[in-house]
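Colleague: Fold the following for me, if possible:
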Amino acid sequence: MIQGGRPKAKRTDDEKQEALEREAIDIVPLGIPMFAGPGAISTVMLYVAQSQPTLMETVLQLVIVFASVLVTVGIAYVFLRNANRIFDRIGRMGTLAISRIMGLILTAMAIQFLIGGIYSVLLSWNVI
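Modeller: Sure, this is the predicted structure:
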């Protein structure tokens, strides 16, 4: 993702041309976990599981979590509904640039999780 390239699959020129001209749209069930993947599910579980001293605070926290989920679903719907217009506006190079930026952000988050995990282990071992 950081390099912005596509996977280098071996295809003939005829196969590449056919792929560009094909009008069939495939459904990719693996795209669904990108919206409700392990990160999103564990985040919702974490916020829902946090106990509050009073019932009112607990209900308020649950309402905030579910409202956040609904807002996220709404934003995703708007972007997916307007995907063709967005792609027409930013073009192929813009798409590759966004892919690189998202890859960089994903890499930074992964490194931060790794550092946080190592730090927690070192704290539990009383090394730090």
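
Colleague: Buried residues of stretch 58-76, list them for me.
Modeller: Val65 (16 or more other Cβ atoms under 10 Å). Backbone N, C-alpha and C define where each C-beta goes, glycine included.

Colleague: now that stretch, how far from the centre of its chain.
Modeller: In terms of Cα atoms, centre = their mean, to the nearest Å, the centre of stretch 58-76 is found 17 Å from the chain centre.

Colleague: looking only at pLDDT, what's the mean for it?
Modeller: What stretch 58-76 shows for mean pLDDT is 89.

Colleague: export it as PDB, just CAs?
Modeller: This file holds the C-alpha atoms of stretch 58-76, laid out as PDB (Å, rounded to 0.1, in the frame of the first residue of the first chain):
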ATOM      1  CA  THR A  58     -23.600   3.500  31.500                       C
ATOM      2  CA  VAL A  59     -26.700   4.200  29.300                       C
ATOM      3  CA  LEU A  60     -25.200   7.500  28.100                       C
ATOM      4  CA  GLN A  61     -22.000   5.700  27.100                       C
ATOM      5  CA  LEU A  62     -23.900   3.000  25.200                       C
ATOM      6  CA  VAL A  63     -25.900   5.600  23.400                       C
ATOM      7  CA  ILE A  64     -22.700   7.400  22.400                       C
ATOM      8  CA  VAL A  65     -21.100   4.100  21.200                       C
ATOM      9  CA  PHE A  66     -24.100   3.200  19.100                       C
ATOM     10  CA  ALA A  67     -24.500   6.700  17.700                       C
ATOM     11  CA  SER A  68     -20.900   6.600  16.700                       C
ATOM     12  CA  VAL A  69     -21.500   3.300  14.900                       C
ATOM     13  CA  LEU A  70     -24.500   4.800  13.100                       C
ATOM     14  CA  VAL A  71     -22.500   7.900  12.100                       C
ATOM     15  CA  THR A  72     -19.700   5.700  10.700                       C
ATOM     16  CA  VAL A  73     -22.200   3.600   8.700                       C
ATOM     17  CA  GLY A  74     -23.700   6.800   7.300                       C
ATOM     18  CA  ILE A  75     -20.400   8.200   6.300                       C
ATOM     19  CA  ALA A  76     -19.400   4.900   4.600                       C
END
